[in-house]
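# Sequence and predicted model, in that order:
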Amino acid sequence: MRYEIRVDGHLSKTLAGAFPEFDHVVVSDQTLLYGPVVDEAHLYGLLARCQSLGLCVLEMRRLPE
Amino acid sequence: MAHRHRHRDRSAPEPRVDPRGEPFLGTRFAAPARPLTFLRRARLADRLDQGLGTPLTLVDGPAGAGKTLLVADWAARLDRPVAWLTADPADRAPGLFWAYLLQALRVAGLRPAPGIGSPAHPSSVDRALLARLAADLSGRPEPAIVVVDEFERVPTADIAEQLEFVLHHASAGLRLILVTRSEPLLPLHRHRAAGSITEIRGAELAFTPEEAAALLAAHGLRLSADAAHTLVRRTRGWAAGLRLCALAARQSADPERCLKEFEAGHSVVADYLLAEVLRRQPAGTQDLLLRVSVVERFRPGLADALTGRSDAERILARLRRENAFVEPLGQTWYRLHPLFAEILRAHLRERHPGLETELHRRAARWLSRSGSLTETLAHGCAAGDWEFAARALVDDLAIGRLFTGQGPDDLGTPFARMTAGTDSPARQLVLAARELAGRDLGHGLPRLRHAEELLADDTADHVPDRLGCALLEALAARLTGSPGRAERAAGRARDLSRSVPAERLDRHPELLALLLAHVGSARLWAGHVAEARAALAEAVTRPGGAATALPRQDALGHLALIDWLAGRTAGAERKALAALREADRYGLPAPARSAVAGLVLAAVAVERDELDAAQALLDRVTADGHGTADPVAAAARALAGAHLLLARGDPGAAVAAVEDRGTAVVASPWAADHAALVASAARLAGGDPEAAAKALEPVARRLPACAVAAARARLAAGDTGTALGLLDTLPTPGPGGPALTVRAALVRAEAADRTGDIAAARRLVARALCDARRERLRRPFREAGPWLRPLLATAPAHDWLVAGGGTRDATGLRPAPVVEELSPRERDVLCRLAQLMSTEEIAADLYVSVNTVKTHLKGLYRKLSVGRRADAVRRARELRLL
């Protein structure tokens, strides 16, 4: 399954490196991170990672296959 | 502090180490110091004061919201002790969490009563221990205030449920303050409905424009009301953002422009600000900050080891003064602010790809010299430096911990990904230990042999390796039922331990205690009872508290079995219960508990004719699994099960239960003898005394129990002389415990009854009753036969013979106990009687003649002392035969 995480603000390339499994694209004043999610543990791990990096998650959704 | 407790309970020494055997990390009990620029916000402190009126306070907000400092500042100004615990991911193991929480109480001077105990096992905690803690808290004149910081690091339902349990039962005796980034799994809705929670959440923690202006003023920056509003909007009042803002602005030539640039941008707040602040640091400082991001906490020495320079002390002192990035933990330990650590790691990976592994390796080396074993192993394994990590474990003599500390977060976990790799003894030993701990003999035994060969080829001393090897050898000997191998291992361990300084062995008391328990088990299997008892008793009495709880209860279980085998029911029960208490007290998880102790209790229950209780005990041991991994436990399981089946009137299944011989290297004499006893009893129950006597012929003179059973079989076959002759071979003064003497007396009584010497028979029955009464041994009387009934009628009080006591029938008299087992065929008939089948129907159903059914009916009536079929069914129900 693939997910998209929308966070508030522009993410620097450095910090995007904290999500090596995800691609990212900056749109207006938000950043979209998207890529494969292995399982539920991975999903919650991603959320925790966002939290520990001080990111403000606006949206998290599963992408249609 | 707490003089009252100076005389501590000797049996419950206060743990100096956590359940992993590691010293408690003092830094986890200290609230962080507030930086000079800390802004005290009265509205939040007031809310915490209000929180003292509710059992639970939740301070819940994003990383960097200023939660920890808020509570730390409030706690420091309170005129009462506050127990502080900073949670750690390892605390997901409940045993570890509660050990740390109890220690936090002690450190704060809120010493829990000594009898509460402490979890011995990282992965579990005994419910009774929590109940004792709750009772202790609820009995205090003033509630204990307990802060758990970073509670989001233990997101398990288990711990949330346990905290809720203690909170509920401590009633007004506990004020729990949870500081967390994510909502805990406690039943918050219930607390909200009951008004028993104070919540300080993100919105409240956010800085107001006035507070933001005050914070920046503390950093020497003046902010207009408008600017403060914009800044708060941009940072959402986020404390870390404001703090970084202040630092960035202060370090820049033009603070105002710096702030404006930030406000106008669209960057992620922490990302941008941290990069800004980092960029302005000198190169050496930047390098240090990036490198220490791989460790949880560090001292200047460790930071120097990571940078390869020697300026850490100076840099850290400066960063501390400026309140940038690092937080002092006391005792010269520091850590990075958790939020910054993550971002710094991202910077490290970008600037120095691949350096992380090397940094873990350096951290492992530094920690092995001056830090804890757990951290050394974690970093050694994170660097993939298996050889180093395995060597550190073995050299520390900590290999026993791979057995005593099994669980989700045990010492061995970092090794999960370790491969066989090179031929190093330490690595092979750790792998073999993990395999044997998982009862994987197929891989563990060859690997252990390989490790031994490697050591044999090596001329160096390698005492820790050889000691570790001896422990694994003793375990292998136990699991394979190989007493010779156990003795060799014990001998080697004895010689080796002399060349190790006592204090090194004392740090890991589990090593020798485990070894003794294994050797004792192997000796018991081989029937060397006295030698087994010596080793087991030593395993029980060795010091070590929590660290040695596993081998202690293991050895107690075996000692209980020794008593049961000799017919000493009371002693067996006492020791088995002591084993279970020990396991409970230290919260050992099910697979680590002595299966033998549970099995002995089941066997004792059978002797008392408490068959449902026996069944429940057996079921529990079976459900726990693992328990019958060694031959002693397997034999105990087979015997306890077989005796229960005999008592339930299913001799066929009883014989089948003891027929499985297992795969031990050496056959066990007592296991064989007791299997023969079961076979003989089954034959006797089937009405074939000749076969019963024959089953015991090869072993009749080996065990007193066999001689008694053989005598009974001979007597049943009508051979009174031989029977008495067999009894005369019994050693004096007593052949064993009451389970034996009672049976012997009953055989003599039956013989006397046969020869018409009623007076002697009465006297012997009275003696049997007297011996049996104290331990409530009902089974021997149930087994005896119909001759006993008239003698019992005139015997002194024996109400206790009826299992379960109080059931009286309609006439107000207790039902006479069944004194003769129903034969399997009589049971078949009884079952059909209960289904209201006629004699003819029963005959057709069982493929026998009507006359045969009538014969069985007569037998049934006689044994149940009734005259009609309806009474037979009723009585059978009362006696729980149906």
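Looks like it came in fine. What you see is a predicted model, and the numbers here were worked out from it, not measured in a lab.
# and stretch B:419-428, how far from the chain's centre?
Chain-centre distance of stretch B:419-428: 30 Å, with CA atoms, centre = their mean, to the nearest Å.
# buried residues in that stretch?
Residues B:424-428 are the ones in stretch B:419-428 that count as buried (16 or more other CB atoms under 10 Å in any protein chain shown). (Glycine included, C-beta is placed from N, CA and C.)
# ditto for stretch B:504-521
B:507-521.
# dump the residue contacts of the residue nearest the centre of chain B.
Centroid-nearest residue in chain B: residue B:588, 1.3 Å away (criterion: CA atoms, centre = their mean). Residue B:588 makes contact with B:120-121, B:124, B:549-550, B:553 under the criterion CB atoms under 8 Å, 6 or more residues apart in numbering or on different chains.
# and residue B:339, what is it in contact with?
A:52-54, B:63-64, B:240, B:270.
# if I look at residue B:85, how far off is residue B:506?
Relative to residue B:506, residue B:85 is positioned 28 Å away (criterion: CB to CB, to the nearest Å).
# brain fart, residue B:794
63 Å.
# do residue B:261 as well
According to CB to CB, residue B:261 and residue B:506 sit 61 Å apart.
# Restricted to strands, list the buried residues of stretch B:419-428.
Residues of those located in strands (DSSP state E): none.
# of all those residues, which comes closest to residue B:367?
The closest of the buried residues of stretch B:419-428 to residue B:367 turns out to be residue B:426 (CB to CB; 17.3 Å).
# My read is that the closest one contacts residue B:390, right?
Yes: with contact defined as CB atoms under 8 Å, residue B:426 reaches residue B:390; the gap is 4.2 Å.
# The longest helix anywhere in chain A vs chain B: in contact?
Criterion DSSP state H: the longest helix present in chain A is helix A:40-52. Yes: using CB under 8 Å from any CB of the partner chain, helix A:40-52 reaches chain B at A:48-49, A:51-52.
# quick one: which of the residues you listed is most hemmed in?
Most neighbours among the residues of helix A:40-52 next to chain B, by other CB atoms under 10 Å in any protein chain shown: residue A:52, with 20 neighbours.
# quick one: it and residue B:63 touch, right?
Yes: Residue A:52 is in contact with residue B:63 according to CB under 8 Å; the separation is 5.9 Å.
# Show me whatever sits in contact with both of the two.
With CB under 8 Å, 6+ apart as the test, residue A:52 and residue B:63 both reach B:338-339.
# quick check, the helix or strand harbouring residue A:60 touching chain B?
Residue A:60 belongs to strand A:57-63 when assigned by DSSP states H and E. No: counting by CB under 8 Å from any CB, chain B has no neighbours in strand A:57-63; the shortest distance is 10.4 Å.
# that older thread, and of the buried residues of stretch B:504-521, the nearest to residue B:397?
For the buried residues of stretch B:504-521, the closest approach to residue B:397 (CB to CB) belongs to residue B:508, at 4.6 Å.
# Could you chop chain B up by domain?
Domain ranges of chain B: B:3-205, B:209-279, B:283-370, B:422-540, B:544-648, B:822-878, per automatic domain parsing.
# number of nearby residues for residue 64?
I went with chain A, as the question did not name one. Residue A:64 is flanked by 6 other residues according to other CB under 10 Å.
# um, chain B though
23.
# what's the answer for residue B:55, then?
21.
# What of residue B:61?
When neighbours are counted by other CB under 10 Å, residue B:61 comes out with 22.
# So it is in contact with residue B:67, correct?
Yes: counting by CB under 8 Å, residue B:61 does reach residue B:67; the two are 5.4 Å apart.
# Common neighbours of the two, please.
The contact sets of residue B:61 and residue B:67 overlap at residue B:205 (CB under 8 Å, 6+ apart).
# Mind putting the residues of helix A:40-52 next to chain B into CSV with pLDDT?
Converted to CSV, these look like this (pLDDT from 0 to 100):
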residue, pLDDT
A:48, 86
A:49, 88
A:51, 86
A:52, 83
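# For the residues you listed, which two are the farthest from each other?
Using CB to CB, the residues of helix A:40-52 next to chain B span at most 7.2 Å, a distance reached by A:49 and A:51.
# Pull up the gap between the residue nearest to residue B:381 when sequence neighbours are not counted and chain A, please.
Nearest residue to residue B:381, sequence neighbours excluded (CB to CB, 6 or more residues apart in numbering or on different chains): residue B:414, at 3.6 Å. Going from residue B:414 to chain A by CB to the nearest CB, to the nearest Å gives 19 Å.
# Wait, a helix at residue B:414?
Yes: counting by DSSP: H, G, I helix; E, B strand; the rest coil, residue B:414 is part of a helix.
# Next up, phi/psi of the closest residue to residue B:50 other than its chain neighbours, please.
In space, residue B:50 comes closest to residue B:198 once its chain neighbours are excluded; the distance is 5.7 Å by CB to CB, 6+ apart. Dihedral angles of residue B:198 (phi, psi; degrees, to the nearest 10) stand at phi -110, psi 130.
# Quick check, residue B:198 in contact with residue B:58.
Yes: contact criterion CB under 8 Å: residue B:198 and residue B:58 qualify, at 7.2 Å.
# Could you pull up the mean pLDDT of the helix or strand residue B:215 falls within?
Using DSSP H and E, the element containing residue B:215 is helix B:209-218. The pLDDT scores in helix B:209-218 average 92.
# after it, next one along is what?
Reading on from helix B:209-218 to the C-terminus, the next helix or strand found by DSSP H and E is helix B:225-235.
# Counting by contacts, list what that following helix packs against.
Contacts defined by 3 or more CB pairs under 8 Å, 6 or more residues apart in numbering or on different chains; DSSP states H and E place helix B:225-235 against helix B:209-218, helix B:239-251, helix B:255-264.
# what angle separates the first one from helix B:225-235?
So that's helix B:209-218. For helix B:209-218 against helix B:225-235, the angle by axes from the mean of the first three to the mean of the last three CA atoms, to 10 degrees is 100 degrees.
# got the buried residues for helix B:209-218?
Buried, per 16+ other CB under 10 Å, within helix B:209-218: B:209, B:211-216.
# now swap in stretch B:649-656 and tell me
Within stretch B:649-656, the residues that count as buried by 16+ other CB under 10 Å are B:649-651, B:654-655.
# Phi, psi for residue B:866 please.
The phi/psi pair for residue B:866 (degrees, to the nearest 10) reads phi -130, psi 170.
# can you list the residues of chain B near chain A?
Proximity of chain B to chain A is confined to B:62-64, B:181-182, B:236, B:238, B:240-241, B:265-272, B:275, B:338-339, B:342-343, B:345-347, B:349-350 under the rule CB under 8 Å from any CB.
# and those residues, which are buried?
B:62-64, B:181, B:236, B:238, B:240-241, B:267-272, B:275, B:338-339, B:342-343, B:345-347, B:349-350.
# wait, is residue B:147 part of a strand?
Yes: counting by three-state DSSP, residue B:147 is located in a strand.
# Could you report the neighbour count for the nearest residue to it once chain neighbours are set aside?
Closest residue to residue B:147 apart from its sequence neighbours, by CB to CB, 6+ apart: residue B:177 at 4.5 Å. For residue B:177, the neighbour count with other CB under 10 Å is 25.
# For the stretch 701-850 of chain B, which segments count as helices?
Remark: helices assigned in the stretch 701-850 of chain B by DSSP state H, counting those that start in this stretch are B:704-716, B:720-728, B:738-754, B:758-773, B:779-784, B:788-793, B:824-834, B:839-846, B:850-864.
# from what I can see residue B:710 touches residue B:680, true?
Yes: look at residue B:710 against residue B:680 with CB under 8 Å: they come within range, at 7.4 Å.
# who touches both of the two?
B:693, B:696.
# how much does the helix or strand containing residue B:562 deviate in direction from helix B:738-754?
Element membership for residue B:562 (DSSP H and E) is helix B:549-565. Angle of helix B:549-565 versus helix B:738-754, following the same axes, to 10 degrees, is 10 degrees.
# and helix B:549-565, what does it pack onto?
helix B:401-404, helix B:510-525, helix B:529-541, helix B:569-585, helix B:595-607, helix B:631-647.
# hmm, who's touching the first one?
Translated: helix B:401-404. Residues outside helix B:401-404 that contact it (CB under 8 Å, 6+ apart): B:20-21, B:120-121, B:393, B:410-412, B:430, B:433-434, B:437, B:475, B:508, B:510, B:514, B:547-551, B:592.
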